[in-house]
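>>> show me how the following folds:
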Amino acid sequence: MIYGRHAVKAALRGQPGRVRELILAQGRRADVEELLGLARAAGVRVRRRPRPELDRLTGTTAHQGLALIVDPIPFVSWEEVISRVGQGDRPPLVVVADGIQDAGNLGSIIRSAWCAGADALIIPKDRAASLTGAVAKASAGAAFVMSVARVTNLTEAIKMLQEAGLWVIGLDPAGDQVLYEVDLRAPTALVVGGEDKGLRPRVRGACDVVARLPMPIAPNAEAGEGRSLNAAVAAAVALFEAVRQRRPDREGDLPQRP
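Residues are numbered from 1 along each chain as shown. The predicted structure is shown next:
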């Protein structure tokens, strides 16, 4: 069940063959003509239902009066990820999410990764959020177009990325280097940890570099107080630092994995 205007529109535009039904809350008339047109063009059935029923079907009141019944959002295969990072005319950029459990955070990371032009997002199968309706809504529909792979062993996946030539950068408030001092123009995988515990020790140990975002201490604040960012925010800052470093006007040869 996919809900929310942006997620519904993205699914009808990008994955119409996976959509089975569009459900609208009774009484909703504004801003639905475009969605109805997309649904009709794709041959999607349209139903109107009382809002309380839509609340029950989606499990939330934040559906904005519309929802879709869709086939499950597909994951890409690991082989496709490795193939993708070995092609293209620019250094690959991959995001690895280590145990992100909040659907809103995972959706935000997917949205940031898509906007930053990342090639893929890798998530673990266990103890982590998956591609649900809540994730699709939080991603503003990017979950339908972003390549997401799910793996059993994240540490082994990192080693395979390294073998494919990617420089793996973990993000942690206690990192040894400031992220802005790390050259992100090389083929890069950014690893962001879970909301509570950050990077797991084995995942952290598998990274080539563990970097931190600069956190100036505010006046009258104790050292260490409030010096952490939401996982999704940290991922977005790191992704767009990579975008900044990779701007076309930057001079110098592109580095490769040491």
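>>> please make it C-alpha for all contacts and neighbour counts, starting now.
Noted.
>>> buried residues in stretch 177-196, which are they?
Residues of stretch 177-196 classed as buried: 177-179, 182-195 (neighbour count, 16 or more other C-alpha atoms under 10 Å).
>>> strands of the protein, start to end?
Using DSSP state E, the strands of the chain run over residues 2-3, 19-25, 45-49, 66-70, 93-98, 120-124, 148-151, 167-171, 177-178, 188-193, 209-212.
>>> go through those strands and pick out the most buried.
With neighbours taken as mean count of other C-alpha atoms under 10 Å, the strands of the chain reach their highest mean count in strand 2-3, at a mean of 28.
>>> and that strand, which strands flank it?
Looking at strand 2-3 with DSSP bridges, its partner strands are strand 66-70 (antiparallel).
>>> send me the partner strand as PDB with only the CA atoms.
Extracted as PDB, the C-alpha positions of strand 66-70 are listed here (Å, rounded to 0.1, in the frame of the first residue of the first chain):
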ATOM      1  CA  LEU A  66      -5.100   8.800  -1.700                       C
ATOM      2  CA  ALA A  67      -3.400   5.500  -1.900                       C
ATOM      3  CA  LEU A  68      -2.300   2.800  -4.300                       C
ATOM      4  CA  ILE A  69      -2.300  -0.900  -4.100                       C
ATOM      5  CA  VAL A  70       0.900  -1.900  -5.900                       C
END
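>>> now that strand and strand 19-25, what's the angle there?
If you take axes from the mean of the first three to the mean of the last three C-alpha atoms, to 10 degrees, strand 66-70 sits at 160 degrees to strand 19-25.
>>> can you map out the helices along the stretch 1-150 of the chain?
For the stretch 1-150 of the chain, the helices defined by DSSP state H, counting those that start in this stretch cover 5-14, 33-41, 51-58, 78-85, 103-115, 133-138.
>>> next, the buried residues of the first one.
Residues of helix 5-14 classed as buried under the neighbour-count rule (16+ other C-alpha under 10 Å) are R5, H6, A7, V8, K9, A10, A11, L12, R13.
>>> how much space between the fifth one and E33?
Right, K9. When distances are taken as C-alpha to C-alpha, to the nearest Å, K9 and E33 turn out to be 11 Å apart.
>>> in the stretch 151-258 of the chain, where is pLDDT below threshold?
Residue ranges of the stretch 151-258 of the chain with pLDDT under 70: 217-228, 249-258.
>>> 90 - rerun?
Within the stretch 151-258 of the chain, the set of residues satisfying pLDDT under 90 comprises 173-174, 194-198, 214-230, 247-258.
>>> for beta bridges, what are the partners of the residue lying closest to V209 once chain neighbours are set aside?
If the residues on either side of it in the chain are set aside, V209 comes closest to I169, at 5.0 Å by C-alpha to C-alpha, 6 or more residues apart in numbering. Here I169 sits in beta bridges with L190, V209, going by DSSP bridges.
>>> from R84, how far off is A164?
A164 is 11 Å from R84, by C-alpha to C-alpha.
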